[in-house]
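# Starting from these lines, generate the structure:
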Amino acid sequence: MNIAIVGTGYVGLVSGTCFAEMGVDVTCVDVNEDKIRQLQAGQIPIYEPGLEDMVLRNQREGRLHFTCDLSTCIRQVDIVFSAVGTPPDEDGSADLQYVLAVARQFGQLIQKYT
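Coordinates of the predicted model:
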């Protein structure tokens, strides 16, 4: 199975790494090019006990990949998870602009049942 996870914060990076640890091929996608370069170089931008070893092992074994471009993996994946932030809006409700942007991009790229 191949999956993509959009967002490489605590939820996306940890979830993607755990899926890879279970043998799933995972591509983590983020718009932050610096963060993706760091991850590709084996530098982990967040702290979670044991995460660094798992990321490095799964990268080395070819199950965990990082990109800034969802279109590079969309044809190979079976599932896409959105793990982007929902910061508080001015009125305290969740700001869904990032969730909606991912949904819009996914809708434009999808070519098969995903």
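
# give me the number of residues near residue 87?
Using other CB atoms under 10 Å, the number of residues around residue 87 comes to 9. The C-beta positions use only the backbone N, C-alpha and C, and glycine is treated the same way.

# do the same with residue 67
Neighbour count of residue 67, defined by other CB under 10 Å: 16.

# In contact with the nearest residue to it once chain neighbours are set aside, which residues?
Once flanking residues are discounted, residue 67 sits nearest to residue 29: 5.6 Å by CB to CB, 6 or more residues apart in numbering. Counting by CB atoms under 8 Å, 6 or more residues apart in numbering, residue 29 makes contact with 4, 5, 6, 7, 8, 66, 67, 68, 69, 70, 73.

# Mind checking which of the residues you listed are buried?
4, 5, 6, 7, 8, 66, 67, 70, 73 (16 or more other CB atoms under 10 Å).

# quick one, what contacts the third one?
Which is residue 6. Applying CB under 8 Å, 6+ apart, the residues near residue 6 are 12, 29, 30, 70, 80, 81, 82, 83, 84, 102, 106.

# what about it, distance to residue 56?
22 Å (CB to CB, to the nearest Å).

# do the same with the second one
Counting by CB to CB, the gap from residue 5 to residue 56 is 18 Å.

# sec struct for residue 81, please.
Judged by DSSP: H, G, I helix; E, B strand; the rest coil, the three-state class of residue 81 is strand.

# ok, for it, nearest residue in space, not its chain neighbours?
Nearest residue to residue 81 in three dimensions, chain neighbours excluded: residue 5, at 4.6 Å (CB to CB, 6+ apart).

# Before I go, just wanted to say thanks for your time.
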